[in-house]
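**Student:** Sequence plus predicted model, see below.
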Amino acid sequence: MREFQKLLRFYKPYHLMAVLSLAILFLIIFFDLMIPRLIQRIVDLGITARDLDVVIQTSLWMLGISVLNTIFVIINNYYSIVVAEGIGKDMREALMSKIQDFSHADLDRFSTGMLITRVTSDVSTLQRLIRVSLRIGTRAPLIVLGSIVMMFVTNSTLALWVMPLFLLSLGLIVYFSNRMEPFFNKVKDQLDRLNTVLQENIAGALVVKSFARSDSENQRFAITNDQYTRYSVDVSRFVAAMPSALTFLLNLGTVVVIWIGGLESFSEKITIGQIMAFTNYMFVVLHPLLLATELANVWANGAVSAKRVNEVLETIPSVLPSPQPLPLPRKPIGRIVFENVSFGYSAEEESWVLEDVSLEAQRGQTIAILGATGSGKTSLIHLLPRFHDVSLGRIKIDDIDVRDLDQDELLSRIAIVPQESILFTGTIRENISFGAPEASLDQVIAAAKMAQAHDFIMASSEGYDARVEERGRNFSGGQKQRLAIARALAPNPDILLFDDSTSAVDVETENHIQNELKTTLPDKINFIVAQRISTVLNADKILVLEYGKLAATGTHQELLGSCQIYREIYDSQLGGGPNGLKKDTIHGE
Amino acid sequence: MANRSFNPDDKPRQRGNGTGRMALARNVERPKSTKDAIARLLETLKPYKPQIWLVLFFVIIYTLLGLVSPYLIGVAIDQFITKRDSSGLAKIGLTLIIIYLFYNLLTFVSNWIMARVSQLALRDLRRDLFNHVQSLPMGYFDTHPAGSLMSHLTNDIEAINQAVSQNIVALFASALSIIGILTTMFILNAWLAAATLVVVPIFVWFTRFIAKYTVKGYRGLQKDLGEMNSVIEETISGQKVINAFRRNESVLEDFRDTNQKVYKSGIYANTYALALMPVTSQLSNLFIIILAGLGGWLALRDLVSVGTIAAFISYGNNFLSPVRQIANQYNSLQAALAGAERIFGILDTPGENEDDPGSIGIGKLRGEVEFDHVCFSYVPERPVIKNFSLKVKAGQTIALVGPTGAGKTTIINLLTRFYDVESGVIRVDGINLNEVRKSDLRRNLGLVLQDTFLFAETVLDNIRFGNPKATDQDCIQAAKQAEADHFIQQLPEGYHTNLVERAANLSGGQRQLISIARTILADPSILILDEATSSVDTRTELRIQASLLKLMRGRTSFVIAHRLSTIREADLVVVIDQGEIVEQGTHQELLAKKGFFHNLYMSQFKGNEI
């Protein structure tokens, strides 16, 4: 319930409409419940009293009510949908805006897939909940309550006789609703397991085939499948019992009405019309009661989704903008200093990703970062644009702590080529000018030329207007990387961060790119994370990271002499290999 | 595109269509042939014939019981209440209780039986489907993205589940009771019966009218939802880049546009779709009104009794609710049938070519391989492998070299029989590949690929996947040989650490080492390695390299080579271009030739010279 309370603010703008829809619902139910009474009037005052006028008049009344009610029903329906769709829309927007403020750490914590399901399917589950609640959830109890009132109004003696059966069926519903949830959860868990096996066998079809393990996988699936079926049968049987039990109780009510009502009618305490009205109320009540059990299920699902939506909305971004940001000088950035920087995802000291790293970079310099996977290379360059914040120490750009800068301005001076070259659907031009939407075609072409992308772009007849498909899947790995490089160059930033961004580009092309950067953009500050020695050879400074610590700093020549790790890496790629053989790497695209 | 096969780079791939997100929109698809889909669905129920006959028998009885009770109420009013006969009233009261009891008991028992039957039938369907998916040729997985295949399988089965578990008995009972009620009403009073039937055309017309707009509305909604979801997907997947390039405002703007569209089309579609139920329940009021009005008029002329009117009102309620039920579930039934059709489509996709009846079982191979004038094409008329001949002695290492799309991967696909040759013969130890049992062949082959697939099980179980009979000790031994033991020991629970889906809790290099251990345990005679570049750091790569060298010792190895060292050490370098062997020989011989290989070598290595 608390999870729903937190989401109440989304409901507020639609409060009036919801109240209106509820008011109309009251009218609908009131009129619906009038019908049996009017039939009673036809029977008692029309047929029994032999008055044709009453029959005709009452029939017309009923017809009028029915037409009016149809209109009301349509309005009520419409409002409930507008409320549900509106709340859904607002919720999606709130989630998406929230996600825009997320830092890298926040994004990593919720994975991409999880965030997507929260914005899409969790919100639609909640929408369904609202819709169902407004249409059935309020309707069912109102009809039951209204029917009870109307029964007492019609004939209180008979109403009292029927009441125990009513209470019993309400108890039955509560019982079923409570028992249902754990049942359903069990089935859902097992279904997840079943889907995992399925998923693995589709994604891993090649492995299963090549080890000739289809039989054992079939067996594994069969076990999970059987277990799931067992739970499903249990649930279905349980669900099957519910309507029969409920219907029987209300049928008994009908018998009570006929029997007791009949006996009472002998002494004129009740009319035949009233007996008929009662049997009708029995019918009217049955349907909403059956639906009420379904409602319990919708609410249970909704609670899970509400919790997941709240998790996103309540996240406090791990990187917050400075309350009073300082401006950067208008001139290009001259100096970057890392002062005893330590960084960890959690506050505990044992789990430092980076520990006590200091470095300095000047305008026009290229800093290369080398090290094993997990040594903290990517984290190091991510600290500069504040994708994460340092845990200890500080990073200064032209003597201002990055945390004191205006985040937008900081980012406008830095461009990154990420490890995974994510492109967006749109044209090539749109992709390259992603960070500089106002860039002219000439600027885009210049960036593409530097990134050695111009030639392959022009190889297609559409050139810069060629479509980029989802995630850039119509381009090869090397092409995507070059487009990502062009994208970073287009806004003409002061600082360029390359995160192992030429791994799929062949060495020759990579050299071209490096030369272009050096000659055309000589006054940038470049940080290059790399696996290949050939990438870092010409850097002004090479940092060797090991387990988050700075193992050595220097130029290629210096490190070759002084740093053992560097030598090892060098040997493995360009020097003598472990078998004393010369080892090289061909990097094809 | 999912990376599950090892990039058949030289064959066209079907584009994914993002069906996953479409599944979020409400399904309003229609099956192409309703009759066929129903017939095949019913076929899945065949093994449960006796139970179904029993249930049908019960349904007939309870439908009849359902017809009797309103009649008895009418009788009670006309014969006993108006005539003040208390003993008759008691008799009819007791009769009613018994009838109701049996009625509900029988509905319960039928549902109880059907719950099991339908779930078992679904289980069988899932099992058949899974077994069939297992047997599908690799080409199927290459052309059908894992994501959309998966979402089809799960969503479609779920749609059938929804429909089957609720509807099969209910539909039959509904149809039966509609017929029964109509008959009874006409017997009781033809005038009144005929008058009430006026409602039916209105009902049908209204349902059709709504259905028309619902389908249109949902189609629009589905399209808009698809658009919005792809914006959401793309935005969130690219969130880090968006943050880095400060495009947050503009992507939010794009999102808002699509969000607004979904809001509007959602209101439109749902207003129609959800109007069906409340409006039809108003229509059943109309039914009762006609009965009461016309009935009253007839009663005054003594053409009908009050009891008959009461019975008719009950019949009316009973008559409309099955009609309403069918109308309400029309959409979900259609979706289920469309899903069923797709599933049958998968079941009808031919599986891998069956082993020839005369195919022979083989034990451990020595590892001689011969390609004898092999031709192959994925798409007819576009040959990928042309007249390929190659003889490999047991224990040799063959480096396959050539530009992207040359056909290197295809050769591997043929050797593993993921695809079958078009003409020519491949022989292992002198036996025609097509005459060998596939599973036996594959047990002799070991594949080590760049994209290693591990299962969401323990490390130990993953290694054991290579040989189910291996003991824990064997597995650990294999891990040691693969140089994986060290890092596995450091995992939170060592060999018993559970891997998460896609083994995301391991680095790429670690995954690779486990897969090597798995292959070592399988002890294949012929190894197939793919050395494409990866983002594994150099020192890990060294370790992988070392463990691969151990693995290759004493086995025939085919290596799609990217490393110069591999090429230098290979017994034979085979240079492939456009599906043909253009050159072969040792590294030195080929360089001396100054031909295709020389060019390839020069262009790829020039940059590396210091």
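**Tutor:** Nice, thanks for sending it over.

**Student:** How about B:L153: what's its closest non-neighbour residue?
**Tutor:** A:L198 (6.1 Å; CB to CB, 6 or more residues apart in numbering or on different chains). Placement of C-beta: from N, CA and C, glycine included.

**Student:** Let me see the confidence value for the one you found.
**Tutor:** For A:L198, the pLDDT comes out at 83.

**Student:** residues near it, how many?
**Tutor:** 22 (other CB atoms under 10 Å in any protein chain shown).

**Student:** mind checking how far it is from A:K188?
**Tutor:** Distance of A:L198 to A:K188, given as CB to CB, to the nearest Å: 15 Å.

**Student:** try B:Y315
**Tutor:** Per CB to CB, B:Y315 is found 41 Å from A:K188.

**Student:** More neighbours: these two, which one.
**Tutor:** Taking other CB under 10 Å, B:Y315 and A:K188 do not tie; B:Y315 has more neighbours (27 against 13).

**Student:** The more buried one contacts B:T184, correct?
**Tutor:** Yes: between B:Y315 and B:T184 there is a contact at 6.7 Å, judged by CB atoms under 8 Å.

**Student:** could you pull out the strands for the stretch 151-300 of chain A?
**Tutor:** Assigned strands in the stretch 151-300 of chain A: none (criterion: DSSP state E, counting those that start in this stretch).

**Student:** my guess is the residue nearest to B:L153 contacts B:T154, does it?
**Tutor:** Yes: in this structure, A:L198 is within contact of B:T154 by CB under 8 Å, at 7.1 Å.

**Student:** Now A:V255. Nearest residue, chain neighbours left out?
**Tutor:** B:L96 (4.8 Å).

**Student:** what secondary structure does the one you found sit in?
**Tutor:** Classification of B:L96 using DSSP: H, G, I helix; E, B strand; the rest coil returns helix.

**Student:** any weak-confidence spans in chain A?
**Tutor:** Across chain A, the ranges flagged by pLDDT under 70 are A:346-350, A:373, A:572-589.

**Student:** Mind doing that once more with 50?
**Tutor:** For chain A, the stretches flagged by pLDDT under 50 are A:576-589.

**Student:** what ranges do the strands span in it?
**Tutor:** Using DSSP state E, the strands of chain A run over A:335-343, A:354-362, A:366-371, A:392-397, A:400-401, A:414-417, A:426-427, A:467-468, A:495-499, A:525-529, A:541-546, A:549-554.

**Student:** can you tell me which of these comes nearest to chain B?
**Tutor:** Closest to chain B of the strands of chain A, according to CB to the nearest CB: strand A:414-417, at 5.0 Å.

**Student:** Describe which strands that closest one pairs with in its sheet and in which direction.
**Tutor:** Each strand paired with strand A:414-417, and its direction, by DSSP bridges: strand A:495-499 (parallel).

**Student:** Could you look up the next helix or strand downstream of the strand or helix carrying B:S177?
**Tutor:** In this structure, B:S177 sits in helix B:146-188 according to DSSP states H and E. The helix or strand immediately downstream of helix B:146-188 is helix B:190-196, counting by DSSP H and E.

**Student:** Is any residue of that next one near chain A?
**Tutor:** No: Helix B:190-196 does not reach chain A (CB under 8 Å from any CB of the partner chain); its nearest approach is 12.1 Å.

**Student:** Now do that helix: everything it contacts.
**Tutor:** Residues from elsewhere that reach helix B:190-196 (CB atoms under 8 Å, 6 or more residues apart in numbering or on different chains): B:182, B:185-186, B:287, B:290-291, B:294-295, B:298, B:303-304, B:308-309, B:312, B:316.

**Student:** who wins for most neighbours among those?
**Tutor:** That'd be B:G295 among the contacts of helix B:190-196, by other CB under 10 Å, with 32 neighbours.
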